[in-house]
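1. let me see the structure of the following:
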Amino acid sequence: MKAEGIVHQGPASASGTPEGQEVHLYAGTAGHSAWFSDDLGDTWVHPNSHSGMYLEARVWAFSSHPATPETLHAGTDAGVYRWDERTARWQAISTQLGDVWAIAHAPENPSTLFAGTRPAALYRSVDDGVTWSELATPGIAKFSDINMGPTRVTQILFDPFTPDTLWATVEIGGIYRSTDAGTTWRLLTEGLVSADVHGIAVARTPAGTVRVLATTNRGLHISEDQGETWRFVAMDTPSQYMRCVVTRSDDPATVFLANGNGPPGNDGQLLRSRDGGDTWERLPLPGELNSTLWCVALHPSMPDWMFVCTNLGQVFRSTDGGDSWLRLPHEFGELRSLHWRAVPAGTRAAPHSITRAVPPKPLASA
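-> Predicted coordinates for the structure are as follows:
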């Protein structure tokens with residue numbers, strides 16, 4: 001989809017970065033491991049297998065904690081990996097889980113992590129991801145005869161408003177909620193038009209109403225009773241296929257929604273709501289999108305900065321909360337995860353084991 005009336009950003013600078021910090025950006029691919037950028041996505045490096053991760057690994061998810069800027073965790077098709085910024089190396093810290101599609105740090109404790117796998121199951125670690133315990137998830141399916149394949153956990157989210165509440169989404173298997181810090185879980189599907197759930201977010205309207213928003217292959221759903229019931233919300237879009245949904249941490253009424261026409265699709269768009277999901281506007285991403293918009297990456301340290309990507313590897317950057325965008329030069333083959341954060345300047349103290357550095361290149365006119 002080609003956006004009209006596009007406002008193009010100039011190159012972003014580090015002037016908006018907190019003093020003494022630098023931005024690190026990470027991209028997870030479906031078959032070319034993890035890529036890194038230290039200049040806001042203008043250029044990328046692709047560490048080779050000497051970095052500690054197989055060069056053709058599939059990296060489904062990233063998670064980091066602000067208390068431990070020197071490390072980053074990744075869920076991959078070969079288990080859980082931990083990145084050490086100081087040595088610029090990966091370590092395979094657990095193969096106990098196998099294929100890990102979702103991973104999240106507990107906000108209050110960087111040593112506690114939750115992970116979701118394929119086939120779908122939920123796990124918790126209290127030792128920084130080295131060992132894991134499976135959690136009780138009644139009714140979770142391991143195989144779906146809809147797609148004739150294993151189910152998978154697509155997201156794990158800590159509720160920002162309700163203590164000890166976590167959410168997990170399963171493709172194809174519905175929505176789970178825990179109200180005891182992840183020890184036990186309930187399946188909540190009443191009102192869903194599809195159990196093929198991709199993402200989840202918790203928003204608050206300007207009037208103070210807390211809403212849970214969930215995305216599926218057949219559309220957006222909203223709950224105002226903590227997931228006990230869901231209602232389908234038809235969007236004014238060519239396709240109802242919805243992928244990622246994210247709220248701003250400093251303004252939970254602002255919600256971003258990734259849309260397209262399937263996996264991978266050949267079209268997509270980014271939507272924004274400023275009222276917790278009552279109304280939506282389309283944001284102008286430059287040029288033709290080559291596939292469904294897949295990831296929306298925000299960080300509470302710099303809430304106006306955003307990175308988004310399509311399933312087939314286009315990446316875009318905004319430094320003004322999504323009002324204007326720059327399409328970044330490098331296109332990946334297939335992206336499944338984006339993550340970024342500000343870390344203390346000089347945290348990375350060793351060079352990458354580089355397969356190849358990717359220099360900037362001019363873009364064709366949008």
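2. in terms of pLDDT, where does the closest residue to Asp84 other than its chain neighbours sit?
-> Sequence neighbours aside, Thr71 is the residue nearest to Asp84 in space, at 6.2 Å (criterion: Cβ to Cβ, 6 or more residues apart in numbering). To be clear about C-beta, it is placed using only N, CA and C from the backbone, and glycine gets the same treatment. You'll see Thr71 listed with a pLDDT of 98.
3. got the phi and psi for Thr71?
-> Thr71 adopts backbone torsions of phi -130, psi 160, taken as degrees, to the nearest 10.
4. from Glu134, how far out is it?
-> According to Cβ to Cβ, to the nearest Å, Thr71 and Glu134 sit 24 Å apart.
5. and if you look at Asp42?
-> Asp42 is 42 Å from Glu134, by Cβ to Cβ.
6. so these two - more neighbours on which side?
-> Higher neighbour count among Asp42 and Glu134: Asp42, with 18 against 12, using other Cβ atoms under 10 Å.
7. just to revisit the earlier point, quick one: the residue nearest to Asp84 and Tyr81 touch, right?
-> No - Thr71 lies out of contact with Tyr81 (Cβ atoms under 8 Å); the separation is 10.5 Å.
8. okay, the two: which has more neighbours?
-> Taking neighbours as other Cβ under 10 Å, Thr71 and Tyr81 compare with Tyr81 leading, 28 against 18.
9. tell me which helix or strand that one sits in.
-> In this assignment (DSSP states H and E), Tyr81 forms part of strand 79-84.
10. again with Thr237
-> Here Thr237 is assigned to no helix or strand, by DSSP H and E.
11. once you drop chain neighbours, what's closest to it?
-> Ranked by Cβ to Cβ, 6+ apart and with sequence neighbours excluded, the top spatial neighbour of Thr237 is Asn259, at 5.3 Å.
12. quick check: phi and psi on the one you found?
-> The phi/psi pair for Asn259 (degrees, to the nearest 10) is phi -130, psi 160.
13. return the distance of it relative to Asp159.
-> For Asn259 relative to Asp159 (Cβ to Cβ), the value is 24 Å.
14. kindly report the same for Asp323.
-> For Asp323 relative to Asp159 (Cβ to Cβ), the value is 28 Å.
15. how about Asn290?
-> Counting by Cβ to Cβ, the gap from Asn290 to Asp159 is 34 Å.
16. neighbour-wise, which of Asp323 and Asp159 wins?
-> More neighbours surround Asp159 than the other of Asp323 and Asp159, with 18 against 13 (other Cβ under 10 Å).
17. need the contact list for that one.
-> Taking Cβ atoms under 8 Å, 6 or more residues apart in numbering, we find Asp159 in contact with 165-167, 202.
18. mind doing that once more with 6 Å?
-> By Cβ atoms under 6 Å, 6 or more residues apart in numbering, the residues touching Asp159 are 165, 202.
19. could you do Trp185 as well?
-> Here Trp185 is in contact with 137, 176, 178 (Cβ under 6 Å, 6+ apart).
20. swap in 7 Å and give it another go.
-> Trp185 is in contact with 122, 135-137, 168, 176-178, counting by Cβ atoms under 7 Å, 6 or more residues apart in numbering.
21. wait, which of the residues you listed is closest to Asp267?
-> Ala168 (29.0 Å; Cβ to Cβ).
22. name the nearest residue to that closest one, sequence neighbours excluded.
-> Once flanking residues are discounted, Ala168 sits nearest to Tyr176: 4.4 Å by Cβ to Cβ, 6+ apart.
23. mind listing what the residue nearest to Asp84 touches?
-> Contacts of Thr71 by Cβ under 7 Å, 6+ apart are 82-85.
24. tell me the one of the residues you listed nearest Ser33?
-> Trp83 (11.3 Å).
25. what residues are up against the residue lying closest to Arg211 once chain neighbours are set aside?
-> Nearest non-adjacent residue to Arg211, counting by Cβ to Cβ, 6+ apart: Ala203, 5.0 Å away. For Ala203, the contacting residues are 211, 213, 247, 252-253, 255, 276-277, by Cβ under 7 Å, 6+ apart.
26. what pLDDT does the model give Leu270?
-> Looking at Leu270, the pLDDT reads 98.
27. using the three-state scheme, assign it.
-> Assigned state for Leu270: strand (three-state reduction, DSSP: H, G, I helix; E, B strand; the rest coil).
28. please name the bridge partners of it.
-> On the basis of DSSP bridges, Leu270 is bridged to Ala258, Leu283.
29. can you tell me which residues contact it?
-> By Cβ under 7 Å, 6+ apart, the contact set of Leu270 is 256, 258, 283, 285, 293, 308.
30. what subset of those is buried?
-> Buried members of the contacts of Leu270, counted by 16 or more other Cβ atoms under 10 Å: 256, 258, 283, 285, 293, 308.
31. which residues touch the third one?
-> The reference is to Leu283. Contacts for Leu283 (Cβ under 7 Å, 6+ apart) come out as 270, 272, 322.
32. got the domain ranges for the protein?
-> 30-187+336-359, 189-329 (automatic domain parsing).
33. pipe those domains into TSV and attach distance to Val23 per row.
-> Shown next, in TSV, are the domains of the chain (distance: least, Cβ to Cβ, whole Å):
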stretch	distance to Val23
domain 30-187+336-359	5
domain 189-329	8
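34. okay, and the beta partners of Val100?
-> Thr117.
35. so it sits right up against Phe114, yeah?
-> No - using Cβ atoms under 7 Å, Val100 makes no contact with Phe114, being 10.7 Å away.
36. the two: which is more packed in?
-> Neighbour totals were compared for Val100 and Phe114, and Val100 leads with 30 against 25 (other Cβ under 10 Å).
37. state the distance from that one to Asp77.
-> 8 Å.
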